[in-house]
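*Asks:* Pasting the sequence and the predicted coordinates here, then a few questions.
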Amino acid sequence: MSIQYYQNNADIFFENTVGVDMEELYQPFISRLPKNALILDAGCGSGRDSKAFISKGFRVDAFDASSEMVKRAKDLTGLDVQFKRFEEVDDVAHYDAIWACASLLHVPEKELATTFEVLSNALKSKGIFYVSFKLGENQREKDGRIFTDMTEERLKKLLSNFLDLSVININLTEDKRPTRNEVWLNALLIKSVKHL
């Protein structure tokens, strides 16, 4: 359902998001990464964030579930952006960090735990995981898209299923797009070291 929205509205979505200044959200994320870290941009949309991370000296893999957004992200970044869904990520302990900006919010609530598990598996120990959701208590549909909204309490309850994912920081920000007045929940997580 949500994917079809992006297929049909790729140009509009690209234009509305590609120029948004995300530096305030990048800094807490990249400040925790080693030099030349490998980042997975999970649900990369326009490719805006991938392009920013490359410009800061990081290596980036990116994917999106909309083939139309993949085309635009490839053009913007020069990366071999992959056309795939979250559940198709099969890497194990491969990435230093995962950036899931405004993408996991389209995963139905009943599938979120499985999706977090797939992405967590792709992270190295001590890997950093950024996620963002619109602030709210419910799953809802709007304009042909599913949104799973999140509060700090809901996110912590979801993460209680994962012994290896811990919250570093949760904060709220206002939407960076001038035509929006929504509030976003941003969370930085870390994957703990496995003890033998």
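*Replies:* Great, that's in hand. Numbering: from 1, shown residues only.
*Asks:* Count residues in the vicinity of P108, would you?
*Replies:* P108: 13 surrounding residues under other Cβ atoms under 10 Å. Glycine gets a C-beta too; all of them are placed from N, C-alpha and C.
*Asks:* Then the one 4 residues further on?
*Replies:* Under the neighbour criterion other Cβ under 10 Å, L112 is assigned a count of 21.
*Asks:* Okay, now the unreliable bits of the chain?
*Replies:* For the chain, applying pLDDT under 70 flags the ranges 1-2, 5-6, 176-180, 193-196.
*Asks:* mind listing the helices for it?
*Replies:* 2-8, 10-17, 23-30, 48-55, 67-77, 112-122, 152-159 (DSSP state H).
*Asks:* Output these as JSON lines; include the columns distance to D61.
*Replies:* Shown next, in JSON lines, are the helices of the chain (distance: least, Cβ to Cβ, whole Å):
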{"stretch": "helix 2-8", "distance to D61": "20"}
{"stretch": "helix 10-17", "distance to D61": "20"}
{"stretch": "helix 23-30", "distance to D61": "16"}
{"stretch": "helix 48-55", "distance to D61": "9"}
{"stretch": "helix 67-77", "distance to D61": "11"}
{"stretch": "helix 112-122", "distance to D61": "10"}
{"stretch": "helix 152-159", "distance to D61": "24"}
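*Asks:* Looking at these, spot the one closest to T173.
*Replies:* helix 23-30 (7.1 Å; Cβ to Cβ).
*Asks:* Would you mark the buried spots in the closest one?
*Replies:* Residues L25, Y26, F29, I30 are the ones in helix 23-30 that count as buried (16 or more other Cβ atoms under 10 Å).
*Asks:* Which strands or helices does it pack on?
*Replies:* Under the contact criterion of 3 or more Cβ pairs under 8 Å, 6 or more residues apart in numbering; DSSP states H and E, helix 23-30 touches helix 48-55, strand 123-134, strand 165-174, strand 183-191.
*Asks:* hmm, back to that, with distance to G127 as extra columns, can I get the buried residues of helix 23-30 in JSON lines?
*Replies:* As requested, the buried residues of helix 23-30 are exported to JSON lines (distance: Cβ to Cβ, whole Å):
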{"residue": "L25", "distance to G127": "18"}
{"residue": "Y26", "distance to G127": "17"}
{"residue": "F29", "distance to G127": "12"}
{"residue": "I30", "distance to G127": "13"}
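*Asks:* coming back round to it: do you know which of the helices of the chain lies nearest A100?
*Replies:* So among the helices of the chain, helix 112-122 is nearest, using Cβ to Cβ, at 7.0 Å.
*Asks:* which outside residues touch that closest one?
*Replies:* Residues from elsewhere that reach helix 112-122 (Cβ atoms under 8 Å, 6 or more residues apart in numbering): 40, 42, 86-87, 89, 91-95, 98, 100, 104, 107, 129, 148, 158-159, 161-162, 164-165, 191.
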